[in-house]
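[1] coords please:
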Amino acid sequence: MSPEAASGRPWVWPDAVALLRAALDEGWAVGLFAHVNPDSDTLGSALALGLALRAAGGKVVVSFDAEPFQVPDGLAFLPGQDLLVAPAELPARFDLVVTLDAAAPHMLGTLADRMAGAPRTLVVDHHRSGADFGQVRMVDPDAPSTSSVVLQLLDRLGLELTAHVATALYAGLATDTGSFRQATTSAAAHRAAARLVDAGADPTVIGWSVWGIHRFGYVGLLAEVLGRAGLSQCAGAEEHRLAWTYITDADLTRHGLRLEHVEGVVDVLWGVLEADLAAVAKELPDRGWTVSLRSRGPIDVGAVAMGLGGGGHREKAGFLVSPATDQPSGGQPCAGQAGGGPSEYEARVGQIVASILNQVRRLAAGRGGVGPMGLQTIRVAHLAASPRRS
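    Just a heads-up that it's a prediction; the model follows:
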């Protein structure tokens, strides 16, 4: 479907460069939207583009949906935060809305309505997605990060790569390549990183801020959630194993943490030798779940997540699970507690694990789409019950 047909509005800009040039030339009010509960790629991309457009005379604000509205601790170093405006305080009208690193409208949260009401929209991203939204799209699935797509965009616009812009872009590039460990870390990614460092980005400050520093409460939480971790094998695709755990809203409250503080848990499981896949389910205040996926093998977790309503890359992806309308029943998808059957949390997470492994089985068999839950498709061995090496 053409952008004209999809939006019902005139479409006269052939690409993202022409659209942003028009925004600068005509003095449009531009809103740059990161996805909900932003990470360094979405927020770094938005702030970098905002700083560059403002330096060229643009009228720009940056926003994202999060409760509370604040920059995550690990991203406090990002420059350009004076551009940030809470969703409730945004101007009544934008001439152009640009989304950064959002693969579907629901990833914008409350800002999805602001995008839908804008006369002009631009999507800048690097995720493969089943969602086709935005009048103009600059989406490069082969790019290692959205920030690297923004770097291309700034080059084509002829905008200056300042130290502040480079810092914000480097944060996104380093994070979405897994600190330059993932398969997306091409020679081009390293050349882009070198260029950003030459422009003034400090890898040491960024690296420690994003990965190396955490709150003390995280140490206690990590001990708990790793103690309840499981290792599941997929029936029908026995060569694939999933290391998983879950974090409840009560866990976060007990340790004085927020969701943003526990993003690194899945990366610990990502390194489990006996597994090629990792997942962490994190409970939301509304009793839904957000699930982070990782792959260290041939399974594309971006495709797994898309089959479950989410999206991402081959090695990093995620999806949302709606709150359960009733208590889980039937089957025993995960190991029970010492005093009896599975807890409510274990049963619900067991269903999530089963849905992931169903997708893995279908992908391994060369089939796409979502199959039945099939709780019998998994076997679980809790790490606490695993034999210890002498």
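[2] Could you use CA atoms for every contact and neighbour count after this?
    OK.
[3] quick one, strands of the stretch 1-150 of the chain?
    Assigned by DSSP state E, counting those that start in this stretch, the strands in the stretch 1-150 of the chain fall at 29-34, 59-63, 96-100, 121-125, 136-139.
[4] Distance to residue 241 and mean neighbour count added to the ones you listed, as JSON lines?
    Formatted as JSON lines, the strands of the stretch 1-150 of the chain follow (distance: least, Cα to Cα, whole Å; neighbours: other Cα atoms under 10 Å):
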{"stretch": "strand 29-34", "distance to residue 241": "33", "mean neighbour count": "26"}
{"stretch": "strand 59-63", "distance to residue 241": "39", "mean neighbour count": "24"}
{"stretch": "strand 96-100", "distance to residue 241": "33", "mean neighbour count": "26"}
{"stretch": "strand 121-125", "distance to residue 241": "30", "mean neighbour count": "24"}
{"stretch": "strand 136-139", "distance to residue 241": "32", "mean neighbour count": "20"}
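[5] Export the ones you listed as TSV, with columns for mean pLDDT and distance to residue 259.
    Compiled in TSV, these are given as follows (pLDDT from 0 to 100; distance: least, Cα to Cα, whole Å):
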stretch	mean pLDDT	distance to residue 259
strand 29-34	98	17
strand 59-63	98	19
strand 96-100	97	21
strand 121-125	95	23
strand 136-139	92	28
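[6] Nearest to residue 49, out of the ones you listed?
    Nearest of those to residue 49, taken as Cα to Cα: strand 29-34 at 8.2 Å.
[7] Which neighbours in the sheet does that closest one have, and how are they oriented?
    Neighbouring strands of strand 29-34 in its sheet, by DSSP bridges, are strand 59-63 (parallel), strand 96-100 (parallel).
[8] To residue 177, which of these lies closest?
    Residue 177 lies closest to strand 96-100 among these, at 17.0 Å (Cα to Cα).
[9] Any chance of JSON lines for the strands of the stretch 1-150 of the chain, columns distance to residue 175?
    As requested, the strands of the stretch 1-150 of the chain are arranged in JSON lines below (distance: least, Cα to Cα, whole Å):
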{"stretch": "strand 29-34", "distance to residue 175": "16"}
{"stretch": "strand 59-63", "distance to residue 175": "20"}
{"stretch": "strand 96-100", "distance to residue 175": "15"}
{"stretch": "strand 121-125", "distance to residue 175": "15"}
{"stretch": "strand 136-139", "distance to residue 175": "18"}
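[10] Out of the ones you listed, the one nearest residue 295 is which?
    That would be strand 121-125 among the strands of the stretch 1-150 of the chain, by Cα to Cα, at 20.6 Å.
[11] got the CA coordinates for the closest one in CSV?
    Below are the C-alpha coordinates for strand 121-125, written out as CSV (Å, rounded to 0.1, in the frame of the first residue of the first chain):
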residue,chain,number,x,y,z
THR,A,121,5.4,11.0,9.8
LEU,A,122,8.8,9.4,9.4
VAL,A,123,10.0,6.1,10.7
VAL,A,124,13.7,5.6,11.3
ASP,A,125,14.6,2.1,12.3
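[12] Each with direction, which strands does that strand pair with?
    Assessed with DSSP bridges, strand 121-125 is paired to strand 96-100 (parallel), strand 136-139 (parallel).
[13] what's that strand in contact with?
    Identification of contacts with strand 121-125 by Cα atoms under 8 Å, 6 or more residues apart in numbering yields 16, 96-103, 115, 133-141, 145-146, 149-150.
[14] which residues touch residue 199?
    161, 162, 163, 166.
[15] Tell me where the stretch 1-150 of the chain has helices.
    Counting by DSSP state H, counting those that start in this stretch, residue ranges of the helices within the stretch 1-150 of the chain are 3-7, 16-26, 40-55, 111-116, 146-157.
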